[in-house]
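Trainee: structure of the sequence below:
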Amino acid sequence: STHDPLGLVELLRRRCSNILLCDARVEEAHVCSGIGGGCCVRAHFGRLLETLERAQECCGCAFVPPPGRQGDLSTLFKEFILDPDRLFLSFHVQYFVRTV
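Mentor: Presented below is the predicted three-dimensional model:
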């Protein structure tokens, strides 16, 4: 769909345990400014962050840092942007127990 061109929400609805997501799209460039780099994160990963936020609501899941890391998604994305030596971004999906 146009709201989820990578098909991520459907994979989360199926409660997949391993998802490898590759996105080669270039998002519109913005000048990064502001305290904490929030603008920078949205400029680079805006569509993906919007999709993840929507997925949390509709799929009953949360996104957490990998073991040994702290912070939220925005922090992980910002660290990735600021470190040119990092080749990939990794985070985990935590699914909530479904109730009937």
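Trainee: helix, strand or coil for the closest residue to L8 other than its chain neighbours?
Mentor: Leaving aside its chain neighbours, L8 sits nearest to T51 (5.5 Å; criterion: CB to CB, 6 or more residues apart in numbering). For every residue, glycine as well, the C-beta is placed using N, CA and C. On the three-state scheme (DSSP: H, G, I helix; E, B strand; the rest coil), T51 is labelled helix.
Trainee: return the set of buried residues in stretch 67-75.
Mentor: L73 (16 or more other CB atoms under 10 Å).
Trainee: need the distance between the two termini of it.
Mentor: Distance across stretch 67-75, first residue to last, is 15 Å (CA to CA, to the nearest Å).
Trainee: I'd like the numbering to begin with 4 instead of 1 from here.
Mentor: Got it, the first residue is 4 from now on, which makes the last one we talked about stretch 70-78.
Trainee: that stretch: how far from the chain's middle?
Mentor: Chain-centre distance of stretch 70-78: 11 Å, with CA atoms, centre = their mean, to the nearest Å.
Trainee: and stretch 65-84, by the same measure?
Mentor: Put simply, stretch 65-84 sits 9 Å off its chain's centre (CA atoms, centre = their mean).
Trainee: circling back: contacting residues for the residue nearest to L11?
Mentor: Contacts here follow CB atoms under 8 Å, 6 or more residues apart in numbering; on that basis T54 touches 6-7, 9, 11-12.
Trainee: report pLDDT for it.
Mentor: pLDDT recorded at T54 is 86.
Trainee: for the chain, just list every one of the helices.
Mentor: In the chain, the segments counted as helices under DSSP state H are 11-16, 41-62, 76-85.
Trainee: in the protein, where is pLDDT below threshold?
Mentor: 4-5, 27-47, 103 (pLDDT under 70).
Trainee: if we can go back for a sec, so for V96, which of the helices of the chain sits nearest?
Mentor: Nearest to V96 among the helices of the chain is helix 11-16; the distance by CB to CB comes to 6.8 Å.
Trainee: can you spell out which helices and strands pack onto that closest one?
Mentor: If you count contacts as 3 or more CB pairs under 8 Å, 6 or more residues apart in numbering; DSSP states H and E, helix 11-16 packs onto helix 41-62.
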